[in-house]
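Q: Please work out how this folds:
(one chain, ligands or ions: 2)
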Amino acid sequence: MEPDSRIGRMSDWSILRATHRRPLRVALLPCAGRGERAGGGRPKQYVEVAGRSVVHWTLLAFDELVGQGQLDGVAVVLSPGDEEFVQAVPPALRERLQVMPVGGATRAHSVWGGLQALAREGLGDTDWVLVHDAARCLIEPAELLRLIVACEGDAVGGLLACPVPDTLKRADALGRVQDTVPRDHLWAAQTPQMFRLGLLRDVLGRALQAGIPVTDEAGAVEWAGQAPKLVAGPADNFKLTYPDDFRRAAEVLARRSTSIGTTP
Ligand code: CTP
Ligand code: MG
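A: Ligands and ions are numbered 1, 2, ... in the order given. Coordinates of the predicted model:
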């Protein structure tokens with residue numbers, strides 16, 4: 001297939017693998033949602049926050065790791081017919097990505113489409129895939145590296161997650177407290193979630209076929225009877241979901257750029 005220079009180059013992962021002694025590590029960003037809860041009238045990954053689109057910020061963290069040789073490539077799943085991505089990400093960065101217009105009806109279907117495309121293009125069953133929400137734009141390269149280091153020797157793989165700090169209440173149908181849920185051992189799942197391509201294709205394909213509602217990759221792996229590793233992630237790696245999250249994200253990004261500017 002001819003490379004589409006407008007949206008990014010195609011890769012042949014099998015050629016790349018021949019030059020590596022370790023399994024490849026490829027990031028897969030589902031970027032095909034509509035952002036309905038954000039209510040902005042357009043997909044939230046294309047909304048501008050602190051001077052860049054949300055997905056541009058997300059991609060910068062992954063691109064830095066590619067530059068360091070810790071990650072071998074970044075693939076982005078778009079809705080078929082998406083015309084906003086090319087406006088939202090500068091050409092020089094797009095050149096280094098693989099863009100796959102295979103998004104589906106749910107996040108899980110978009111990830112599934114992306115995994116199938118990666119396999120078709122030569123990524124192997126034992127290669128690693130780091131699935132990360134395009135809308136989780138506060139991820140930092142150091143956290144990505146921590147996940148890789150924690151998971152690359154693991155038989156199953158794992159995910160960034162945060163121990164739940166708040167007291168948890170279960171609500172009744174009237175919105176009153178039914179009981180308090182002990183928060184011991186409870187973690188809030190984040191992304192990236194890092195699993196081998198072969199395992200993830202197998203469990204996600206089976207879970208979707210069985211009609212299991214899959215909201216993250218780890219959920220599919222657990223459903224298949226395996227226990228992903230929890231790797232403590234940063235509290236500010238939140239997913240932009242509701243309108244107020246955009247203001248919070250802008251504050252974090254502004255604070256980071258100020259602290260970079262004042263570092264001796
Ligand atoms: N996503 C996707 N394909 C879908 C749905 C979601 O690729 N069919 C992506 C989103 O673009 C986002 C990530 O999955 O980067 C997390 O999903 P979510 O926060 O639910 O985003 P949206 O589905 O866009 O938002 P909402 O549920 O509020 O409509
Ligand atoms: Mg959604």
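Q: In this protein, which residue sits nearest ligand 1?
A: Minimum separation of the chain from ligand 1 (Cβ to the nearest ligand atom) falls at G33, amounting to 2.1 Å. (Each C-beta comes from the backbone N, C-alpha and C, glycine too.)
Q: Just list the residues touching that residue, thanks.
A: Contact analysis of G33 by Cβ atoms under 8 Å, 6 or more residues apart in numbering lists P43, K44, Q45, R107, S110, A134, A135.
Q: Now rank these by neighbours and give me the top one.
A: The residue in the contacts of G33 with the most neighbours, by other Cβ atoms under 10 Å, is Q45 (32 neighbours).
Q: That one in helix, strand or coil?
A: helix (DSSP: H, G, I helix; E, B strand; the rest coil).
Q: now the stretch 51-200 of the chain, which segments are flagged as low pLDDT?
A: For the stretch 51-200 of the chain, no stretch is flagged by pLDDT under 70.
Q: At which residues are the helices of it located?
A: 54-67, 85-88, 91-94, 107-120, 141-151, 197-209 (DSSP state H, counting those that start in this stretch).
Q: would CSV of those with distance to ligand 1 be doable?
A: Putting the helices of the stretch 51-200 of the chain into CSV (distance: least, Cβ to the nearest ligand atom, whole Å) gives the following:
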stretch, distance to ligand 1
helix 54-67, 8
helix 85-88, 11
helix 91-94, 17
helix 107-120, 3
helix 141-151, 16
helix 197-209, 13
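Q: Serialize those to a markdown table and add fields for distance to P243.
A: Below are the helices of the stretch 51-200 of the chain laid out as a markdown table (distance: least, Cβ to Cβ, whole Å):
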| stretch | distance to P243 |
| --- | --- |
| helix 54-67 | 13 |
| helix 85-88 | 19 |
| helix 91-94 | 27 |
| helix 107-120 | 20 |
| helix 141-151 | 25 |
| helix 197-209 | 31 |
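Q: do you know which of the ones you listed lies nearest I15?
A: helix 107-120 (14.0 Å; Cβ to Cβ).
Q: Name the residues of this protein found near ligand 1, please.
A: Within the chain, the positions near ligand 1 by Cβ under 6 Å from any ligand atom are 30-38, 44-45, 77, 103-107, 110, 133-135, 239, 241.
Q: Which of those residues fall in strands?
A: Mapping the residues of the chain next to ligand 1 onto strands (DSSP state E) picks out P30, V77.
Q: Please work out how many residues are found near the residue nearest to A88 when sequence neighbours are not counted.
A: Leaving aside its chain neighbours, A88 sits nearest to S53 (3.8 Å; criterion: Cβ to Cβ, 6 or more residues apart in numbering). Around S53 there are 23 other residues, counting by other Cβ under 10 Å.
Q: Can you tell me the closest non-neighbouring residue to L160?
A: L160's closest residue in space is G233 (Cβ to Cβ, 6+ apart), at 3.1 Å.
Q: can you pull the contacts of the one you found?
A: Applying Cβ under 8 Å, 6+ apart, the residues near G233 are E143, L147, L160, A161, C162, Q190.
Q: quick one: which of those residues is most hemmed in?
A: In the contacts of G233, the most neighbours by other Cβ under 10 Å go to L160, 27 neighbours.
Q: That residue and W187 touch, don't they?
A: No - look at L160 against W187 with Cβ atoms under 8 Å: they stay out of range, at 9.8 Å.
Q: And the strands in the stretch 151-264 of the chain?
A: 157-163, 168-171, 177-181, 187-196, 229-232 (DSSP state E, counting those that start in this stretch).
Q: And the fourth one, what's buried?
A: Translated: strand 187-196. By neighbour count on 16 or more other Cβ atoms under 10 Å, the buried set for strand 187-196 is W187, A189, Q190, T191, P192, Q193, M194, F195, R196.
Q: can you count the residues close to A61?
A: Other residues close to A61 by other Cβ under 10 Å number 21.
Q: ok, now which ones touch it?
A: Contacts of A61 (Cβ under 8 Å, 6+ apart): I139, E140, P141, L144.
Q: ok, longest helix in this protein?
A: helix 243-262 (DSSP state H).
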